[in-house]
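J.: The sequence and its predicted three-dimensional model are supplied below.
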Amino acid sequence: MSGLPVQPRRLLLIGSVLVDILLYIERLPVRGGDTIARQRLLTSGGGFNILAGAARLGMSVSYAGRVGDGPMGVQIMADLTSAGIPLLIPQVRGEDTGFTVGLIEANAERTFVTAPGTEAHLSLDNLHSIALQTGDAIYVSGYDLNYPISGAALATWLSELAPGHLLVIDPGPLAADIPSERLARVLARANILSLNAREAALLTGVNDLPEAARLLIPRLAPGGCVVARAGAQGCWLASAILQPCHIPARPTHAVDTTGAGDSHVAALLARLAAGDDLRTAAYAANVAASLAVEHSGPATCPTAQELQEALARLDKSARA
């Protein structure tokens, strides 16, 4: 058992799937300058990375967000259909989905600019139309909490969420911009808070990651846990009954870190759904993220077989 109040069965992503326009460059140009991209990629991103990753790992997934019918929305619908991901909210006519421009440097660091679209206008009516199932792991990003329309609707809807659903929050890089009262309401219902070191520092003012994780526990629902991702160093787990503990990483050479956090969340939930306890699931999530960063693009989470083979190799090496 994971120690969480609900074992997830289906991943239900609420909020944003948008298009990623990724440009691979040597380094960022100086302000006012220019540079030539050595590679480009246009694909669905945002929440799509998590949905596709969890599906590859054998978890049932659905998307509950607004998708437009413009060029970006057409791309999203094609990718959702190709991945077999159901859309639970009717497609919006006369509006387009937003996009993100990402600059990926040779050292795998990435910089983003997001232009929101119809996905940022999620309403209470949209949310009330969603048919929830017992055991749903409901994932919400800080991007959506930050949007004026979606954020206000989500804060109301999530604070009224009935028991039987696992709420997973990832505050994302705009964590400090989420209105404080809105963030407090949502965290008070959250069962899992997954975030990286920068985001943990933004929310606590503390740079020491395990200490930041400990400070975040009282802000969550009773029994909630913090998964503090530390990149190549793995992650830290903390809860009211679990002192911050370090879960090691798998050594890797990163090619593109875009979507690493998404792969981590996807694998964590998929392994919890499969019956892993929290520590075992977190270790598998570390390994999944390490495999994902070895490939270019945002949706590079391994398949269930690829992850299992990597875990088996690591286990064999540890016993040798």
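T.: It's in. Numbering: from 1, shown residues only.
J.: all contacts plus neighbour counts: C-alpha atoms, from now on.
T.: Fine.
J.: Thr97 contacts Met72, correct?
T.: Yes. Look at Thr97 against Met72 with CA atoms under 8 Å: they come within range, at 5.3 Å.
J.: quick one: buried residues of the host helix or strand of Gln308?
T.: Applying DSSP states H and E as the criterion places Gln308 in helix 304-319. Applying a neighbour-count criterion of 16 or more other CA atoms under 10 Å, one finds Ala304, Leu307, Gln308, Ala310, Leu311 buried in helix 304-319.
J.: circling back to that earlier point, any shared contact partners between Thr97 and Met72?
T.: Leu18, Val19 (CA atoms under 8 Å, 6 or more residues apart in numbering).
J.: In terms of packing, which of these two has more residues around it?
T.: Using other CA atoms under 10 Å, the more surrounded residue of Thr97 and Met72 is Thr97, with 26 against 22.
J.: Tell me the spacing between that one and Arg229.
T.: 29 Å (CA to CA, to the nearest Å).
J.: and what of Pro5?
T.: 22 Å.
J.: what comes into contact with the helix holding Gln308?
T.: By CA under 8 Å, 6+ apart, the list of residues contacting helix 304-319 reads Arg56, Leu57, Gly58, Ala284, Val287, Ala288.
J.: Now, those that are in helices?
T.: The members of the contacts of helix 304-319 that map onto helices under DSSP state H are Arg56, Ala284, Val287, Ala288.
J.: quick one on the thing from earlier: comparing Pro5 and Arg229, which residue is more hemmed in?
T.: In this view Pro5 and Arg229 are compared by other CA under 10 Å, and Arg229 has more residues nearby, 29 against 16.
J.: what sits against that one?
T.: Per CA under 8 Å, 6+ apart, neighbours of Arg229: Ser194, Leu195, Asn196, Ala197, Cys235, Trp236, Gly261.
J.: For it, give me phi and psi.
T.: With angles defined as degrees, to the nearest 10, Arg229 sits at phi -80, psi 130.
J.: So Ala213: helix, strand or coil?
T.: helix (DSSP: H, G, I helix; E, B strand; the rest coil).
J.: OK, contacts around it?
T.: Ala213 sits in contact with Ala200, Val226, Val227, Ala228, Trp236, Leu237, Ala238, Pro244, where contact means CA under 8 Å, 6+ apart.
J.: Name the helix or strand for the first one, please.
T.: Element membership for Ala200, per DSSP H and E: helix 197-204.
J.: Next one: Ile169 from Ala273, what distance?
T.: For Ile169 relative to Ala273 (CA to CA), the value is 17 Å.
J.: whoops, Leu237 was the one
T.: 18 Å.
J.: Same question for Pro222.
T.: On the measure of CA to CA, Pro222 and Ala273 end up 20 Å apart.
J.: Could you check which of these two is surrounded by more residues?
T.: Higher neighbour count among Pro222 and Ala273: Ala273, with 23 against 16, using other CA under 10 Å.
J.: dump the residue contacts of the more buried one.
T.: So Ala273 contacts Gln7, Pro8, Arg9, Arg10, Met59 (CA under 8 Å, 6+ apart).
J.: OK, contacts around the fourth one?
T.: For Arg10, the set of contacting residues under the criterion of CA under 8 Å, 6+ apart consists of Met59, Ser60, Val61, Ser62, Gly135, Asp136, Ala137, Ala273.
J.: what's across from it in the sheet?
T.: Ser60, Asp136 (DSSP bridges).
J.: Quick check: the gap between it and Gly164.
T.: Separation of Arg10 from Gly164 (CA to CA): 12 Å.
J.: Would you state the strands of the chain in chain order?
T.: For the chain, the strands defined by DSSP state E cover 10-14, 17-24, 39-46, 60-64, 99-104, 110-115, 136-141, 166-170, 192-196, 225-229, 235-239, 242-247.
J.: who does the second one touch, helix- and strand-wise?
T.: Meaning strand 17-24. Applying 3 or more CA pairs under 8 Å, 6 or more residues apart in numbering; DSSP states H and E, one finds that strand 17-24 makes contact with strand 39-46, helix 47-56, helix 71-83, strand 99-104.
J.: Only the C-alpha atoms, please, for that strand, written as PDB.
T.: Extracted in PDB, the C-alpha atoms of strand 17-24 (Å, rounded to 0.1, in the frame of the first residue of the first chain):
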ATOM      1  CA  VAL A  17      -2.800  20.400 -23.200                       C
ATOM      2  CA  LEU A  18      -1.200  22.700 -25.600                       C
ATOM      3  CA  VAL A  19       1.300  22.600 -28.500                       C
ATOM      4  CA  ASP A  20       5.100  22.700 -27.900                       C
ATOM      5  CA  ILE A  21       7.200  24.400 -30.500                       C
ATOM      6  CA  LEU A  22      10.700  23.400 -29.500                       C
ATOM      7  CA  LEU A  23      13.900  24.900 -30.900                       C
ATOM      8  CA  TYR A  24      17.200  23.200 -30.200                       C
END
